[in-house]
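Participant: Okay, predicted coordinates and the sequence, questions at the end:
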Amino acid sequence: MKDNLNSIDFLLRCADTVVSKDELQKRISSKKKLNLKLGVDPTAPELHLGHMVILKVLRRFQDHGHNVQIVIGGFTALVGDPSGKKTTRPVLSAVEIEKNTKRYKEQALLILDSRKTDFLNNNDWLGNLSAAEILGICQARSLNRIIERDDFRGRLNRGESIRVHEVLYPIFQAHDSVVMCPDVEMGGTDQIPNFMTTRQAMKESGQDPEIVITMPLLVGLDGKKKMSKSYENHISLEENAKDMYGKLMSLPDAPMKDYFHLLTDIEELKISEILSMHPMDSKKILAFEITSFLKGEESALSARSHFENTIQKKTIPDDRKTFTYSSDVNLLDVIHKTGNFSSKNEVKRLISGGGVKVDGDTINDWQFIFKPKFKGTVKAGKRFWFDLEVL
RNA sequence: GGAGGGAUGUCCGAGUGGCCAAAGGAGGCGGGCUGUAAACUCGCUCGCGUAUGCGUACGGGGGUUCGAAUCCCUCUCCCUCCA
């Protein structure tokens, strides 16, 4: 059973919810150019592979001629999504939002087709609503419907407080869709309750409700928790090719299958074929595929050979810095001065723990002195090498 | 408005006057094993040029004491219950 790259099943590969597939099929068959909406939060401008999952699906739609509208939540950022009880929500200035938006654009366009992508800011329509207008919108919504969702109901049952603005959040988000009239809205699984409110709102405004597609969360490099910057298990889209490739190689085996499905366009059959190889070889294909898609084939090739040389063949990489001293220096100082370690104690620990080699020999005396005329290569920690020369 | 509970190192969490730079766990770092995977295993995990030493550190400030994370006062923040 081969994937047909044009089939709706391929477009929706791995989607965990589609409401509804029939409707989508109908709209696609009508040959109409569809508008796909994606809402983003301008408080977190650094994108990673987890964000790429959705962008990748959007890109497939674009390749079929459809259009993508990214809504920057300039206004809703001030309201705060009810999921997650963040202590204080930073209030962003217009300038910051501008800056974050720009950065977001750059990263998103690594994946999306710029000719088929529009960027909007919901502050443009939400920011100027009068109190009367807000009342009007709220009049058409029912609280019952909103607090049906599990997280609200749970909090009510447990007697935990729900702030009024949290209830308003889905109303504002829904209003975006009422204004934009998208055919499809995409998001993460956690957005489903908000999307349901949105569909309801669109119906009440006499529109065809948007189709909702949600994608599963990508697991992070620890193989356990979802990929997130705050868990420090992410791979940033801004990462350079070498690090991206290297980090992908450190991914546990188990999530590889998901990574192939969610982040590449490789067909189903081919994926199972790749996964039946030695896990390390499959992972190299995965790492290459993703790095090359985001950073270009050339960088990916050199990232791969860098990995093979330094890690697999244990060759010392040649892009090392050289540090030169004019008189005796000890090991501690030399390593500390490279600026890669935050304190001398940290370096001492590294040295006495056996993590430092000079020209291949482990040295665990931090007072080790380099005499004049010394010339050699120091390895400090797992993957940091530098040259040292004492005149 | 009233009653009560809480804030400890990156995180979780023990500790209720000296033996506390503070148990334990997680995470992280380094070694071994390996496929820079997992699992396993061993060591380290505030800073200071080398220290039975000094400095910082248990939400902020002040006090009691020879001595405070531990007691008292006060401030800030969080939570629960009643209204």
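Facilitator: Cool, got the structure. Numbers count the residues shown, from 1 in each chain, chains lettered A, B, ... in the order given.
Participant: Up against RNA strand B, what does the stretch 201-350 of chain A have?
Facilitator: With Cβ under 7 Å from any atom of the strand as the criterion, the stretch 201-350 of chain A comes near RNA strand B at residues A:222-223, A:232, A:245-246, A:249-253, A:279-280, A:283, A:307, A:311-312, A:330, A:332-333, A:342-346, A:349-350. (Each C-beta comes from the backbone N, C-alpha and C, glycine too.)
Participant: Now the buried members of these.
Facilitator: A:245-246, A:249, A:251, A:283, A:307, A:332-333, A:350 (16 or more other Cβ atoms under 10 Å).
Participant: From those residues, pick the one nearest RNA strand B.
Facilitator: Taking Cβ to the nearest atom of the strand as the measure, RNA strand B lies nearest A:Gly246 of those, at 2.4 Å.
Participant: Look up how far A:Asp222 lies from the closest one.
Facilitator: Distance, A:Gly246 to A:Asp222, by Cβ to Cβ, to the nearest Å: 16 Å.
Participant: which is the next helix or strand following the lowest-mean-pLDDT helix or strand in chain A?
Facilitator: Lowest by mean pLDDT, DSSP states H and E among the helices and strands of chain A is helix A:150-157, with a mean of 65. For helix A:150-157, the succeeding helix or strand toward the C-terminus, using DSSP states H and E, is helix A:164-180.
Participant: hmm, who's touching the helix or strand harbouring A:Val212?
Facilitator: For A:Val212, the element it lies in under DSSP H and E is strand A:211-215. With contact meaning Cβ atoms under 8 Å, 6 or more residues apart in numbering, strand A:211-215 is reached by A:12, A:14-20, A:23-24, A:27, A:53-54, A:57, A:183-189, A:191-192, A:195-196, A:198-199, A:262.
Participant: switch to 6 Å and redo it
Facilitator: Contact with strand A:211-215 is made by A:15-19, A:23-24, A:53-54, A:184-187, A:189, A:192, A:195, as judged by Cβ atoms under 6 Å, 6 or more residues apart in numbering.
Participant: shouldn't A:Trp385 be in contact with A:Lys321?
Facilitator: No. Here A:Trp385 lies out of contact with A:Lys321, judged by Cβ atoms under 6 Å, at a distance of 8.9 Å.
Participant: the more surrounded of those two?
Facilitator: Set A:Trp385 next to A:Lys321 and count neighbours by other Cβ atoms under 10 Å: A:Trp385 wins out with 17 against 11.
Participant: Is that one bridged to anything, and to what?
Facilitator: Counting by DSSP bridges, A:Trp385 is bridged to A:Lys379.
Participant: Break chain A into its domains for me.
Facilitator: If you go by automatic domain parsing, the domain ranges for chain A are A:8-215, A:239-312, A:321-390.
Participant: and the last one, how far apart are its ends?
Facilitator: What that stands for is domain A:321-390. End-to-end distance for domain A:321-390, by Cα to Cα, to the nearest Å: 14 Å.
Participant: roughly how far out does it sit from the chain middle?
Facilitator: Computed by Cα atoms, centre = their mean, to the nearest Å, the chain-centroid distance of domain A:321-390 equals 36 Å.
Participant: For that domain, the averaged confidence score.
Facilitator: Averaged across domain A:321-390, the pLDDT comes to 92.
Participant: shaky segments in chain A?
Facilitator: A:1-6, A:78-93, A:150-151, A:153-163 (pLDDT under 70).
Participant: which residues in it form strands?
Facilitator: Using DSSP state E, the strands of chain A run over A:17-19, A:35-40, A:67-72, A:117-121, A:184-188, A:211-215, A:321-325, A:329-330, A:356-358, A:361-362, A:369-370, A:375-380, A:385-390.
Participant: Does anything pack onto the first one? Which helices or strands?
Facilitator: In this structure, strand A:17-19 makes packing contacts with strand A:211-215, judged by 3 or more Cβ pairs under 6 Å, 6 or more residues apart in numbering; DSSP states H and E.
Participant: just the second one next, same as before
Facilitator: Contact partners of strand A:35-40 among helices and strands, from 3+ Cβ pairs under 6 Å, 6+ apart: strand A:67-72, strand A:184-188.
Participant: now the third one
Facilitator: For strand A:67-72, the elements it packs on are strand A:35-40, strand A:117-121, judged by 3+ Cβ pairs under 6 Å, 6+ apart.
Participant: That one vs strand A:117-121, what angle?
Facilitator: On the basis of axes from the mean of the first three to the mean of the last three Cα atoms, to 10 degrees, strand A:67-72 is oriented at 30 degrees to strand A:117-121.
Participant: ok so, going back, same list (the domains of chain A) but as a markdown table, adding distance to A:Ser228.
Facilitator: Output for these, formatted as a markdown table (distance: least, Cβ to Cβ, whole Å):
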| stretch | distance to A:Ser228 |
| --- | --- |
| domain A:8-215 | 7 |
| domain A:239-312 | 14 |
| domain A:321-390 | 24 |
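Participant: now, the most widely separated pair of the contacts of strand A:211-215?
Facilitator: A:Glu23 and A:Val53 (22.4 Å; Cβ to Cβ).
Participant: In contact with the residue nearest to the spatial centre of chain A: list those residues for me.
Facilitator: Residue closest to the mean C-alpha point of chain A, counted by Cα atoms, centre = their mean, is A:His48 at 2.2 Å. Listed by Cβ under 6 Å, 6+ apart, the contact partners of A:His48 are A:227, A:234-236.
Participant: if we go to 7 Å?
Facilitator: Contact analysis of A:His48 by Cβ atoms under 7 Å, 6 or more residues apart in numbering lists A:227, A:229, A:234-237.
Participant: Against A:Ser276, how distant is it?
Facilitator: To A:Ser276, A:His48 is 29 Å away according to Cβ to Cβ.
Participant: Show me the helices in the stretch 201-350 of chain A, by range?
Facilitator: Counting by DSSP state H, counting those that start in this stretch, the segments of the stretch 201-350 of chain A that form helices are A:241-249, A:256-263, A:268-275, A:279-295, A:297-307, A:331-337, A:344-352.
Participant: which one of the ones you listed lies closest to A:Ala380?
Facilitator: For these, the distance to A:Ala380 is smallest for helix A:331-337, at 5.0 Å, taking Cβ to Cβ.
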